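**Q** Build me a model:
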Amino acid sequence: MNANSQSVAAAQLMHFEDQILEQGDLISKKLHLLSMQRFPPNAKKTLRPFSLSEVAQYLGVSQSTLKKLHLEGKGPIPQTSSSGRRSYTAEQMVELRQYLDQHGRSETKNYVPHRRKGEKLQVIAVVNFKGGSGKTTTAAHLGQYMALTGHRVLAIDLDPQASLSSLHGFQPELDMSLSLYEAIRYDESRRPISDIIQSTNFPGLDIVPANLELQEFEYDTPLAMTDKSSNAGKTFFTRISRAIAAVDDRYDVVVIDCPPQLGYLTITALTAATSVLVTIHPQMLDVMSMGQFLLMLGGILKPIREAGAEVNLEWYRYLITRYEPMDVPQAQMVGFMQTLFHQFVLKNHMLKSTAVSDAGITKQTLYEVDKSQMTRATYERAMESLNAVNAEIAGLVHQSWGR
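**A** Below you'll find the predicted structure:
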């Protein structure tokens, strides 16, 4: 009997739970080695410089305006390549935005789009009952886009699998970062959310990472609801909104990446939200699953509202993700959804692109990856789709502020 046959025979003698514990440990150790090679201890994610055209787009000015500022010695000094191409760091974009706001402001143009007095913090919950709908990819790119366009953003990873955290350079199994669980737990160990917030490589974007401990909230809540000595469990749905309220003045937008299940975490996020984004892959099984999700969600939220929860959304939209326009069944499904839900479906769709998946292999988003590493046409097509979707969502946020 060879070594491989022996290992298979040994595995057959083990209980299922022992097998998966052993295999889970093996995966963690191997990934740890890979992570140590790519992300040494205490390493921080960096961010590439942005081209003149990108900076102009995010600031909402022309390239000639930026060139003129540089020639006149105003604002930060860009990096200039040997071929004369100018680029700015993300930090320099913030400086440029502040300079333009002070020296180039007009009645129709606001370069620093922070919340004004009387404008409510926008909390966007990104949800789907089914995995693989592009939920985390959507949340990551939305948060980064809002930061690049001058908003103060807090991303909250509410999925115990911590994919959003991983995209931003956090490795819960290695760096022992705390999760939102610490701010919403029921015992005396609860901590303020300000203790948990971490900065990212994007200026203006902070994050509350996730870890497996988040799952404890799903087990703690039913126990807290039966605790006669406290009302905390009966009002579990207020815990995230109360945590966020403590840092309300620090942010314009909060983006919550919800877990792909309809549990207490998702319900608590939805009652904290001012808006909801439902990601949907336009295929029959996915749309059927979404229909069941909506029926279950509605059935749960009704009694929650009667118990005192405020589910007052300013808007909600369906976002078509991983869309292939040349796929006839997909195109038909998109038409079907648009016929049914009209204005509730975002006009722009997130196209399926190898550029997004290729960037993800190196734990990067499309906003981080260098265009030179990809096929130019593929990158530009994906970026155009991404920016169109995020700009539409940003427009809904500004509309909520009455702008």
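
**Q** contacts and neighbour counts: CA atoms only from here.
**A** Noted.

**Q** tell me, what residue is most central in this protein?
**A** Residue closest to the mean C-alpha point of the chain, counted by CA atoms, centre = their mean, is Ala139 at 2.4 Å.

**Q** Tell me if Val126 really is in a helix.
**A** No - applying DSSP: H, G, I helix; E, B strand; the rest coil, one finds Val126 to be strand, outside a helix.

**Q** What pLDDT is listed against it?
**A** pLDDT for Val126: 96.

**Q** Compute the number of surrounding residues for it.
**A** For Val126, the neighbour count with other CA atoms under 10 Å is 29.

**Q** just checking, it touches Gly134?
**A** No - using CA atoms under 8 Å, Val126 is not in contact with Gly134; the gap is 9.9 Å.

**Q** Can you pull the residues that touch both of the two?
**A** By the contact definition CA atoms under 8 Å, 6 or more residues apart in numbering, Val126 and Gly134 are jointly contacted by Thr279.

**Q** How is the chain partitioned into domains?
**A** Partitioning the chain according to automatic domain parsing yields domains covering residues 50-103, 122-400.

**Q** out of these, which comes closest to Lys44?
**A** With CA to CA as the criterion, Lys44 lies closest to domain 122-400 of the domains of the chain, at 7.0 Å.

**Q** Endpoint to endpoint, that closest one covers what distance?
**A** 8 Å (CA to CA, to the nearest Å).

**Q** Make sure Tyr111 is actually in contact with Leu59.
**A** Yes - with contact defined as CA under 8 Å, Tyr111 counts as touching Leu59 (6.8 Å).

**Q** re earlier: in this structure the residue nearest to the centre of the chain contacts Ile124, no?
**A** No - assessed by CA under 8 Å, Ala139 is found out of contact with Ile124, at 9.1 Å.

**Q** Between these two, which contacts overlap?
**A** When CA under 8 Å, 6+ apart defines a contact, the residues bordering Ala139 and Ile124 alike are 255-256.

**Q** And for the closest residue to Trp401 other than its chain neighbours, the neighbour number?
**A** With sequence-adjacent residues excluded and distances taken as CA to CA, 6 or more residues apart in numbering, Trp401 is closest to Glu119, at 5.5 Å. Counted with other CA under 10 Å, residues neighbouring Glu119 total 14.

**Q** Just the buried positions in stretch 392-403, please.
**A** By 16 or more other CA atoms under 10 Å, the buried positions in stretch 392-403 come out as 393-394, 396-397, 400.

**Q** Now, those that are in helices?
**A** With helices taken from DSSP state H, the overlap with these comprises 393-394, 396-397, 400.

**Q** Name the nearest of these relative to Ala355.
**A** Nearest to Ala355, judged by CA to CA, of those is Ile393 at 21.6 Å.

**Q** Identify the residues contacting the closest one.
**A** Here Ile393 is in contact with no residue (CA under 8 Å, 6+ apart).

**Q** Now do the strands in the protein.
**A** For the chain, the strands defined by DSSP state E occupy 50-51, 79-80, 86-88, 122-127, 153-157, 198-199, 205-208, 253-257, 275-280, 315-320.

**Q** With distance to Leu295 as new columns, can the ones you listed be given to me in CSV?
**A** Below are the strands of the chain laid out as CSV (distance: least, CA to CA, whole Å):
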stretch, distance to Leu295
strand 50-51, 44
strand 79-80, 54
strand 86-88, 48
strand 122-127, 14
strand 153-157, 25
strand 198-199, 36
strand 205-208, 30
strand 253-257, 21
strand 275-280, 14
strand 315-320, 15
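
**Q** quick one, which of the ones you listed is nearest to Pro303?
**A** Nearest of these to Pro303, taken as CA to CA: strand 275-280 at 19.3 Å.

**Q** where are the low-confidence patches of the stretch 1-150 of the chain?
**A** 1-17, 20, 24, 28-43, 105-108 (pLDDT under 70).

**Q** Okay, helices next: where are they in it?
**A** All helices of the stretch 1-150 of the chain, identified by DSSP state H, counting those that start in this stretch, fall at 3-13, 16-38, 52-59, 63-71, 90-103, 135-148.

**Q** same deal with the stretch 251-400 of the chain?
**A** For the stretch 251-400 of the chain, the helices defined by DSSP H, counting those that start in this stretch occupy 264-272, 284-306, 328-341, 354-361, 376-400.

**Q** Quick one: closest of the ones you listed to Asp252.
**A** Closest to Asp252 of those is helix 376-400 (CA to CA; 9.5 Å).

**Q** okay, now the residue lying closest to Ser199 once chain neighbours are set aside: neighbour count?
**A** Excluding the flanking residues, the one nearest Ser199 by CA to CA, 6+ apart is Asp206, at 4.4 Å. Number of residues near Asp206 (other CA under 10 Å) recorded here: 23.

**Q** Quick check, Asp206 in contact with Leu154.
**A** Yes - between Asp206 and Leu154 there is a contact at 4.9 Å, judged by CA under 8 Å.

**Q** For Gln171, grab the count of nearby residues.
**A** Gln171: 20 surrounding residues under other CA under 10 Å.

**Q** Grab the nearest non-local neighbour of it.
**A** Ser165 (7.1 Å).

**Q** quick one: Thr138 from Val389, how far?
**A** Computed as CA to CA, the Thr138 to Val389 distance reads 9 Å.

**Q** For Asp370, report the pLDDT, please.
**A** Reported pLDDT at Asp370 in the predicted model: 88.
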